[in-house]
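Colleague: Please find the sequence and the predicted model below.
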Amino acid sequence: MSGSNSSAPGSSDAPEGAAGLSFTVHSMPVAALDERRTKHGRLKMLLVLLVCAAPVIASYFTYFVIRPEGRTNYSELVQPLRPVPAELPLANLQGQAVSPSSLKGQWLLVVVAGAACNERCEKNLWLQRQLRESLGRESARLDKVWLITDGVAARPETVQAVTTGVPVTVLRVPPEALAAWLQPATGHSLDEHMYIVDPMGNWMMRVPPQPDAAKLKSDILKLLRASASWDQAGR
């Protein structure tokens, strides 16, 4: 418009003496940005882990906390659950090292005994086999494990028996190392019990000595049903 004088602040056309305006953008330090990204990443990881663990937590909470009136467990619940140690020194009968993580992915019924396998050991291994076979269509969700706690050579006839049909996973482990995971009840020895381990490698139940087969089967079936939403057959 004629006679008008329009000029941008700070331009050469600005009135003499007018203060120039300047804008400064301060960027966030790189270290602060990295810290925020790290915290955000950790939070996302924790949320993912929580979502994955939710079905397991819910099934255990329902089974062990929200208990129907009059319901009892035959086996003793281990509290808190005891995860298999990452450094547990396991080996097969050929002496080759076996990773403890190989025990994860399946419900386990564990027998602990020396390689000579005395009468108690034989009874527990027999019961272990009978229980798995009696589970019918659920049997594929339970594995049999025999942990040998000495360096004695296993009897060939015993090895043949436990590897016939659906084989038992036979592993050697020093007793002092195994004590960091499995423990007997007060006044009992480790080989008197059988032990129930969940698919995440947590020891969760200790079976009474000389177990009642029907009551132990009832415990196992309840566990399999409670975990049906998140546990699948096979490792």
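Modeller: Yep, that arrived. Numbering: from 1, shown residues only.
Colleague: Please give me every residue in contact with residue 197.
Modeller: Residue 197 is in contact with 84, 103, 107-108, 110, 145, 203-204, counting by CB atoms under 8 Å, 6 or more residues apart in numbering. C-betas here are computed from N, CA, C, even on glycine.
Colleague: 7 Å - rerun?
Modeller: Contacts for residue 197 (CB atoms under 7 Å, 6 or more residues apart in numbering) come out as 103, 108, 110, 203-204.
Colleague: Ok, residue 204 next?
Modeller: Counting by CB under 7 Å, 6+ apart, residue 204 touches 77-78, 81, 196-198.
Colleague: distance of it from residue 163?
Modeller: Plainly put, residue 204 is 27 Å away from residue 163 if you go by CB to CB, to the nearest Å.
Colleague: Please report phi then psi for residue 217.
Modeller: phi -60, psi -40 (degrees, to the nearest 10).
Colleague: Is residue 123 in a helix, a strand, or coil?
Modeller: Classification of residue 123 using DSSP: H, G, I helix; E, B strand; the rest coil returns helix.
Colleague: From the structure, what's the count of residues near it?
Modeller: Residue 123 sits with 13 neighbouring residues when counted by other CB atoms under 10 Å.
Colleague: May I have the predicted confidence score for it?
Modeller: For residue 123, the model assigns a pLDDT of 96.
Colleague: One more: residue 111?
Modeller: pLDDT at residue 111 comes out at 98.
Colleague: Ok, residue 107 next?
Modeller: So residue 107 comes in at 97 (pLDDT).
Colleague: Same question for residue 37.
Modeller: In this prediction, residue 37 carries a pLDDT score of 70.
Colleague: Is it within a helix or a strand, and which one?
Modeller: Assigned by DSSP states H and E, residue 37 falls within helix 30-64.
Colleague: from the contacts of residue 204, which is closest to residue 167?
Modeller: residue 197 (17.5 Å; CB to CB).
Colleague: ok, what's across the strand from that closest one?
Modeller: residue 108, residue 203 (DSSP bridges).
Colleague: where in this protein is pLDDT low?
Modeller: 1-34, 36, 39-40, 46, 48-71, 235 (pLDDT under 70).
Colleague: How are the helices of it distributed by residue range?
Modeller: Listed in chain order, the helices of the chain (DSSP state H) span 30-64, 119-134, 156-162, 175-178, 213-226.
Colleague: what packs against the last one?
Modeller: In other words, helix 213-226. Judged by 3 or more CB pairs under 7 Å, 6 or more residues apart in numbering; DSSP states H and E, the packing partners of helix 213-226 are helix 30-64, helix 119-134.
Colleague: With just CA atoms, put it into CSV.
Modeller: C-alpha atoms of helix 213-226 as CSV (Å, rounded to 0.1, in the frame of the first residue of the first chain):
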residue,chain,number,x,y,z
ALA,A,213,0.0,-93.6,42.8
ALA,A,214,-3.6,-92.4,42.5
LYS,A,215,-3.0,-89.3,44.6
LEU,A,216,0.1,-88.4,42.7
LYS,A,217,-1.7,-88.8,39.4
SER,A,218,-4.4,-86.5,40.6
ASP,A,219,-1.8,-83.8,41.4
ILE,A,220,-0.2,-84.2,38.0
LEU,A,221,-3.6,-84.0,36.1
LYS,A,222,-4.6,-80.9,38.0
LEU,A,223,-1.3,-79.2,37.0
LEU,A,224,-1.7,-80.2,33.4
ARG,A,225,-5.3,-78.9,33.3
ALA,A,226,-4.3,-75.6,35.0
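Colleague: Sounds good, over and out.
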